[in-house]
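1. prediction below, plus the sequence it came from.
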Amino acid sequence: MSISSRNKQRTYRSFLSSRVGQISPSGIRKFFDLLSSMEGVISLGVGEPDFSTPWHISEAAIHSLERGYTMYTSNLGMPELRQELSRYLRNSYNLEYDPNGELLITVGVSEALDLVTRAIIDRGDEVIMPDPHYVSYDACVILAGGQPVKVPTSQEDNFEISAAEIEAHITDKTKAILIGYPANPTGAVMPRDTLSQIAEVARRRHLLVISDEIYAKLVYGVEHICFATLPDMKENTILLGGFSKAYAMTGWRIGYAAATREIIAAMTKIHQYTIMSASTMGQVAAIEALKSGENSAAEMVEDYNRRRLVMVKGLNDIGLSCFEPKGAFYAFPSIKTTGMTSEEFAEKLLGEEKVAVVPGNAFGKCGEGYVRCCYATSLADIEEALSRMKRFVSKHRLA
């Protein structure tokens, strides 16, 4: 590289925000760049349903296009969608949210998380979150000027974050607690008692709780507890949800936030200047999902459950210790018996056996020694992937 080129590179870097420099590229997307030129790979990596969006949902969007519904909507989202969402939250959780001020339709839950962190965080504010956690959590906090404070969780405790550990990490700079259960990447689900203890800490220490519940419908043999339903927590909870996972609508990019009028107003200010409104077609599809999508969602969950049982048993049988996930569609097995790091394991497994998994350290320091395996793929592919992984583990297991 010439001196001139080096000087230009330094100059360009000097223009970049220091906040951007604090975050790394997504460990998920970075790893899957390796897949683009490979054939015959079985992917247990991409965290999205392998089902197509139920036809009646897609058809509703197609009909809206045929009728010319291609204009902007209200910044808050289509009134009918907000009304249906309000009805859904009332029927599902006995929660009352005013559709005209306490609900905001966003471009997936990712935008909702970005909006709420920017709406509530001042420079230096701390946000407590579990480790491991979804890759966007710490990035959104940092980009908003805050500081992520990560609370370790472990397989021995089913990757549940405890109230005592949260309280031990609270300082005079703590603004909020950010949790996501059912959890990505672990599949952990929190019981009511544990969530109630966290709620008690939040109330007593005057903290907001951001509750990412995108996987709320994907639970197996347990009840999902909506955090806002806990005593006196509705006013202090920002509930995030969406349509991507339960209704196989990842590409439609429709999510939502439910919170007090003041917080939704603050989030909407940012939303209206950066996004304007979520796609009209996607919102029409979401209306149909809420009106008539429950049977389709339940059928997909039943199928995921069958795959879950095969995946977890298979991983344990080949010597990769895996606790039983009760939600989402991920297994998070330990790969410590191989002596490899998470990235080494994932890269070698892909290269030698053409099975793609996500290194656990993409989700935080406590994810090291694990990999994420998504079972939202066919049973045939899961069984073949397990066969290849068995061969790989037998070859590389520590003596």
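-> Perfect, thanks for sending it.
2. E80 should be in a helix, yeah?
-> Yes: with DSSP: H, G, I helix; E, B strand; the rest coil as the criterion, E80 is part of a helix.
3. what pLDDT does it get?
-> The per-residue pLDDT reported for E80 equals 98.
4. gap between it and R90?
-> 16 Å (Cβ to Cβ, to the nearest Å). C-betas here are computed from N, CA, C, even on glycine.
5. now do C322
-> For C322 relative to R90 (Cβ to Cβ), the value is 37 Å.
6. out of the two, which sits in the busier spot?
-> C322 (21 against 12; other Cβ atoms under 10 Å).
7. next, count neighbours for the nearest residue to the more buried one once chain neighbours are set aside.
-> Closest residue to C322 apart from its sequence neighbours, by Cβ to Cβ, 6 or more residues apart in numbering: P333 at 3.8 Å. Residues near P333, counting by other Cβ under 10 Å, number 27.
8. swap in L89?
-> 23.
9. helix or strand for it, which one?
-> Assigned by DSSP states H and E, L89 belongs to helix 79-93.
10. which residues in the stretch 1-150 of the chain form strands?
-> Using DSSP state E, counting those that start in this stretch, the strands of the stretch 1-150 of the chain run over 42-43, 103-106, 126-131, 147-152.
11. what's in contact with the third one?
-> The set of residues that contact strand 126-131 without belonging to it, under Cβ atoms under 8 Å, 6 or more residues apart in numbering, is 117, 121, 137-138, 141, 146-153, 159, 161, 166, 169-171, 173-180, 183, 210, 363-367.
12. now the shortest one
-> Residues from elsewhere that reach strand 42-43, judged by Cβ under 8 Å, 6+ apart: 35, 354-356, 374, 377, 381, 384-385, 388.
13. adjacent strands (with direction) for that strand?
-> strand 355-356 (parallel) (DSSP bridges).
14. quick check: next helix or strand after the partner strand?
-> Defined by DSSP H and E, the subsequent element after strand 355-356 is strand 358-359.
15. could you export the helix holding L89 as PDB, CA atoms only?
-> Taking C-alpha atoms only, helix 79-93 is exported to PDB below (Å, rounded to 0.1, in the frame of the first residue of the first chain):
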ATOM      1  CA  PRO A  79     -55.100   2.000  13.000                       C
ATOM      2  CA  GLU A  80     -56.600  -1.400  12.200                       C
ATOM      3  CA  LEU A  81     -53.300  -3.100  13.000                       C
ATOM      4  CA  ARG A  82     -53.000  -1.300  16.300                       C
ATOM      5  CA  GLN A  83     -56.500  -2.100  17.200                       C
ATOM      6  CA  GLU A  84     -56.000  -5.800  16.400                       C
ATOM      7  CA  LEU A  85     -52.800  -5.800  18.400                       C
ATOM      8  CA  SER A  86     -54.500  -4.200  21.400                       C
ATOM      9  CA  ARG A  87     -57.200  -6.900  21.200                       C
ATOM     10  CA  TYR A  88     -54.500  -9.600  21.000                       C
ATOM     11  CA  LEU A  89     -52.600  -8.300  24.000                       C
ATOM     12  CA  ARG A  90     -55.900  -8.000  26.000                       C
ATOM     13  CA  ASN A  91     -57.000 -11.500  25.100                       C
ATOM     14  CA  SER A  92     -53.600 -13.200  25.500                       C
ATOM     15  CA  TYR A  93     -52.400 -11.400  28.700                       C
END
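16. in stretch 332-343, what counts as buried?
-> 332-335, 337-338, 340, 342-343 (16 or more other Cβ atoms under 10 Å).
17. in TSV, list the residues you listed along with pLDDT and distance to L239.
-> What follows is these, written out as TSV (pLDDT from 0 to 100; distance: Cβ to Cβ, whole Å):
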residue	pLDDT	distance to L239
F332	98	25
P333	98	31
S334	98	32
I335	98	34
T337	95	39
T338	96	40
M340	97	39
S342	96	32
E343	93	34
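18. okay, and which of the residues you listed map to helices?
-> 342-343 (DSSP state H).
19. closest to I238 among the buried residues of stretch 332-343?
-> Of all those, I238 sits closest to F332, with 26.0 Å by Cβ to Cβ.
20. by mean pLDDT, flag the weakest helix or strand of this protein.
-> The weakest-scoring helix or strand in the chain, judged by mean pLDDT, DSSP states H and E, is helix 27-32 (a mean of 62).
21. got the contact list for T341?
-> So T341 contacts 359, 361, 368-369 (Cβ under 8 Å, 6+ apart).
22. quick one: low-confidence residue ranges for the chain.
-> Along the chain, the parts satisfying pLDDT under 70 run over 1-10, 25-37, 399.
23. which helix runs longest in it?
-> Under DSSP H, the chain gives helix 294-317 as its longest helix.
24. which strands and helices sit next to it?
-> strand 330-331, helix 379-396 (3 or more Cβ pairs under 8 Å, 6 or more residues apart in numbering; DSSP states H and E).
25. point out the most buried one among those.
-> Highest mean neighbour count of those: strand 330-331, a mean of 27 (counted as mean count of other Cβ atoms under 10 Å).
26. give me the residues contacting that strand.
-> 47, 184-187, 308, 311-312, 315, 322, 325, 372-375.
27. could you list the paired strands of that strand along with their orientation?
-> Sheet partners by DSSP bridges: for strand 330-331, these are strand 371-374 (antiparallel).
28. no further queries at this time; thank you.
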